[in-house]
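Undergrad: predicted model and sequence follow; I will ask about them next.
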Amino acid sequence: MGYTCGNNAATYPSEPLPLWEGSSAPMPAWQQTLDAIVADATPDLVALRRRLHANPEPSGAELQTSLALYQALDQPGLALRMGPDGCGVLADNRSAAPGLPRIAFRGDIDALLIHEANDVPYRSTREGVMHACGHDAHAAIATHVALALHKLEASGAAPWPLRWRAILQPAEETAAGARSLIAAGALDGVSSIFALHVDPPRPTGEIGLCVGPFTANCNDVTIIVRGRGGHGARPHESRDPIAAAAQLVSSLYQFIPRTTDSFDSVVLSFGRIAGGQNANVIPEEVELDGTLRTLDDAVLAQTIEQIHQIARGVEEITATQIEVRVDGGIPSVRNDAAANRILEEAAETTPGVIARVIPRPSMGGEDFACYLDHVPGAMFRLGIAAGDGVIRPLHTPTFNVNEAALPLGVKILARAVILACEPAAGA
């Protein structure tokens, strides 16, 4: 069955309905073997996640992280490649028949510039750097999916020939890593791709699935307001860019929501305003940096034009010059229906897992979308809440993962890869 998550919340109940709660059918032998492999490797899986968590590296500097993952995957029968500049790892199974397309799965590996506040044995050892988005979990899960698939093939228990590629990707947080690896050949010979993202509010044992928009289009907005500087005691002699910037932000926050259809999701936020160096000096210019999030390309184009229109109006009333730049950004993750059905089946056959429909897409960004510009695929949300009533949000100093979720992520993602490799009927 197919499910769609869109931007019209009226089509969904207030609470998503459970799709499955286990399966009564006997588990095939290959799934039993796979689960036994994952159970045996769970201590190593947890240890790898903790090692990565204790030694985080920010986007573009994941050299030791990449080396650790390369070493973890250094097994006979696996072909390994480092990513550009030594960041990231690609792993293929050598047993795959030549010429047949591979099924890829991605785990991102970079950390954030956040100082960890958790008091745990594996807390970050690097001042001001922390795995606050779960990429340590993603990387450990993807690595152990590759190891589990390799062991399943080596045991002779794989149900049919497998052909897969593990992508351990750097620089997701700066939206540069996916495109870098794609340019380096990460999708060469790949027919589809899967991924997961941890979800702090979702209970461990539950995953979220949907077809269609999963995350938002994310665009960086830079605005430069140029005026004429002057003495703070005589503002009438200047063209104050700070006053113009304040008017601009206020107008954008007021009028963008009022000119957007209430059924269309648009978020515009500014996180940085910089201008001036002295309290009594009106500066020459002010720079604003923000983010624009949308779910629809037409709405994006319309919103960009509205930003320019409002900027022109503020220019006129403040006698300043306003330059607006909106970058190409990262597109929305849009889950393919066929790939999502595979994830549904993978979840249905994983003991201890409940899958629910995601009623609305996240307004967060995810450069997994760049892979989906080239091949179909799908991402799911993995619940990691510990059941103690405390939510540890992404991108905060207290973020943490309930490690009981890690083997569930491995089982679901490995099942999806295997199911995607199943030969077509009559082939």
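TA: Good, I have the coordinates.

Undergrad: so in this protein, which helix runs the longest?
TA: helix 29-54 (DSSP state H).

Undergrad: helices and strands around that helix, which ones?
TA: Contacts defined by 3 or more C-beta pairs under 8 Å, 6 or more residues apart in numbering; DSSP states H and E place helix 29-54 against helix 63-72, helix 135-154, helix 406-420. (Glycine included, C-beta is placed from N, CA and C.)

Undergrad: what segments of the stretch 301-427 of the chain are helices?
TA: Taking DSSP state H, counting those that start in this stretch, the helices of the stretch 301-427 of the chain run over residues 337-348, 368-372, 406-420.

Undergrad: of all the ones you listed, which lies closest to His231?
TA: Of all the helices of the stretch 301-427 of the chain, it is helix 368-372 that lies closest to His231, at 49.1 Å by C-beta to C-beta.

Undergrad: over the closest one, what's the mean pLDDT, rounded is fine.
TA: Taken as a whole, helix 368-372 has an average pLDDT of 98.

Undergrad: and if you look at stretch 220-230?
TA: Mean pLDDT, computed over stretch 220-230, is 98.

Undergrad: buried residues in that stretch?
TA: Neighbour counts using 16 or more other C-beta atoms under 10 Å place 221, 223-227, 229-230 of stretch 220-230 among the buried residues.

Undergrad: what does that stretch rub up against?
TA: Outside stretch 220-230, the residues that touch it by C-beta atoms under 8 Å, 6 or more residues apart in numbering are 237-241, 244-245, 248, 268, 270, 275, 281-292, 307, 311, 318-327, 329.

Undergrad: mind giving me the ChimeraX command for buried ones among those residues?
TA: Typed into ChimeraX, the line below selects the buried ones among the contacts of stretch 220-230, using 16+ other C-beta under 10 Å:
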select :238,239,240,241,244,245,248,268,270,275,282,283,284,285,286,287,288,290,291,292,307,311,318,320,322,324,326,329
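
Undergrad: is it true that Ala243 lies in a strand?
TA: No - using DSSP: H, G, I helix; E, B strand; the rest coil, the assignment for Ala243 is helix, not a strand.

Undergrad: make TSV from the helices and strands packed on helix 29-54 and add mean pLDDT to it.
TA: Below are the helices and strands packed on helix 29-54 laid out as TSV (pLDDT from 0 to 100):
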stretch	mean pLDDT
helix 63-72	98
helix 135-154	98
helix 406-420	98
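
Undergrad: could you export those as CSV, including mean neighbour count?
TA: Formatted as CSV, those follow (neighbours: other C-beta atoms under 10 Å):
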stretch, mean neighbour count
helix 63-72, 19
helix 135-154, 26
helix 406-420, 25
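
Undergrad: make JSON lines from the ones you listed and add distance to Leu382 to it.
TA: Output for those, formatted as JSON lines (distance: least, C-beta to C-beta, whole Å):
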{"stretch": "helix 63-72", "distance to Leu382": "19"}
{"stretch": "helix 135-154", "distance to Leu382": "8"}
{"stretch": "helix 406-420", "distance to Leu382": "5"}
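
Undergrad: among these, which comes closest to Val333?
TA: helix 135-154 (14.4 Å).

Undergrad: can you list the residues that contact the helix or strand that that closest one is followed by?
TA: Going down the chain from helix 135-154, the next helix or strand is strand 164-169, by DSSP states H and E. Residues outside strand 164-169 that contact it (C-beta under 8 Å, 6+ apart): 66, 69, 73, 83, 88-93, 96, 102-109, 139, 142-143, 145-146, 149, 177-178, 181, 186, 189-190, 193, 417, 421.

Undergrad: now the buried members of these.
TA: The buried subset of the contacts of strand 164-169 - by 16+ other C-beta under 10 Å - is 66, 69, 73, 83, 88-93, 96, 102-109, 139, 142-143, 145-146, 149, 177-178, 181, 186, 190, 193, 417, 421.

Undergrad: and the residue nearest to Ser191 when sequence neighbours are not counted, what does it touch?
TA: In this structure, Ser191 finds its nearest non-sequential neighbour in Pro101, 3.5 Å apart by C-beta to C-beta, 6 or more residues apart in numbering. By C-beta under 8 Å, 6+ apart, the residues touching Pro101 are 163, 189-191.

Undergrad: just the ones in strands from those, please.
TA: If you go by DSSP state E, the contacts of Pro101 have 190-191 in strands.

Undergrad: looking at the contacts of Pro101, which one is closest to Ser155?
TA: The shortest approach to Ser155 among these belongs to Arg163, at 17.4 Å (C-beta to C-beta).

Undergrad: wait, that closest one touches Arg102, no?
TA: Yes - between Arg163 and Arg102 a contact is recorded at 4.7 Å, counting by C-beta atoms under 8 Å.

Undergrad: what do those two both touch?
TA: In contact with both Arg163 and Arg102: Ala96, using C-beta under 8 Å, 6+ apart.

Undergrad: which regions of the chain lie under the pLDDT threshold?
TA: For the chain, applying pLDDT under 70 flags the ranges 1-25, 425-427.

Undergrad: spatially central residue in it, please.
TA: For the chain, the residue nearest the mean C-alpha position is Glu366 (3.6 Å; C-alpha atoms, centre = their mean).

Undergrad: before I go, just wanted to say thanks for your time.
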